[in-house]
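Visitor: next one to model:
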Amino acid sequence: MNIALIHRDDTNANYARVSDMTGMDLTSGQRLTSLCYRNIFVPQCTNNTFSTYDFILNDKNPALNFVAYFQSYDFYMQYGFIKDGVISNGDGSLFTADKTCYTKIRSDNDEFSFFLNTTTCCKSFDVAPEASANLSRCKRFRSRTIVYNSDFSINWTMAVNYTFTDNLNQLAAVANITPSLQELYIFNYIIQCDTIFTPICNITLPTEPNRIIIYMNLYDLDAYTVVIIPIIGTFITRNNQTLMQEGRAFTPQDDCLYFSDQIQSYPNTYTSEFCCKEFE
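Guide: So this is what the prediction gives:
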């Protein structure tokens, strides 16, 4: 299938336009029956796989996931993110002129059983704006997230410190949650950090350039409560710089990003700030 990012003036909204949707299981002979754009919450689907279809994007939910449905099973054909018009893969890697394709190989130990071997290729590039040269890189980020009840009283607060090591190749995260929850996932959906046993984890980042989308899943196993927060922070590493978005670096004068939204499937809202707390 082909995916194109478009803006439609008639709705003043951004879309993923999908065309040439074809699929066949060469073993069983099953054919593609439908395709769904599935962000974290509500899927959009089409059964007309022989025509072009526009899936509306949620600018506050950066997930860019497409699920292919056959007669007896389904799997992810595309698993990644879109933020500020930039598509990144599920592990945070970016397409470049030297690396136009990304391949996800499913292993026997893969936590995500809904993955099969998939390859996604970028067929068209735009020139990314460059940030000012000779800017200091960020060494340490901090996010602070508040989840509110429906009466705007505070339900949870979460603070996470992220420290770069090994020349921006490793990121150590330390989480502090009030009240204490029994499980927390952060980072991209493939690069995951599970704090069910420890609030400290070390993440190996993909080779530059990359874009990391940081999200949270909060599980209170006693109350059977799940809170999914689609984005609490993001950064790009490119040309040995740490960027908020293409062409805009984190600097001492411009050091924070802010996010807020209603938490879908849960009657709460959240706010989050993501700031660089230390520069080189």
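Visitor: what sits against Thr242?
Guide: The contact partners of Thr242, taken as CB atoms under 8 Å, 6 or more residues apart in numbering, are Arg137, Cys138, Leu168, Phe235, Ile236, Ala249, Phe250, Cys276. (Glycine included, C-beta is placed from N, CA and C.)
Visitor: give me the beta-bridge partners of it?
Guide: Beta-bridge pairing of Thr242 under DSSP bridges involves Thr237.
Visitor: roughly how far does it sit from Phe66?
Guide: According to CB to CB, to the nearest Å, Thr242 stands 30 Å off from Phe66.
Visitor: ok, Arg248 next?
Guide: Counting by CB to CB, the gap from Arg248 to Phe66 is 29 Å.
Visitor: please apply the same query to Asp261.
Guide: Distance, Asp261 to Phe66, by CB to CB: 22 Å.
Visitor: quick one: which of these two has more around it?
Guide: It is Phe66, of Asp261 and Phe66, that has more neighbours when counted by other CB atoms under 10 Å, with 21 against 16.
Visitor: need the nearest residue in space to the more buried one, chain neighbours excluded.
Guide: Using CB to CB, 6 or more residues apart in numbering and skipping residues adjacent in sequence, the residue nearest Phe66 is Gln78, 4.1 Å away.
Visitor: quick one: which helix or strand includes Asn58?
Guide: Asn58 belongs to no helix or strand when elements are defined using DSSP states H and E.
Visitor: and for Asp91?
Guide: Per DSSP H and E, there is no helix or strand for Asp91.
Visitor: I'd guessed it sits against Pro206; true?
Guide: Yes - between Asp91 and Pro206 there is a contact under CB atoms under 8 Å: 5.3 Å.
Visitor: what about the helices in the stretch 151-280 of the chain?
Guide: With DSSP state H, counting those that start in this stretch as the definition, the stretch 151-280 of the chain shows no helices.
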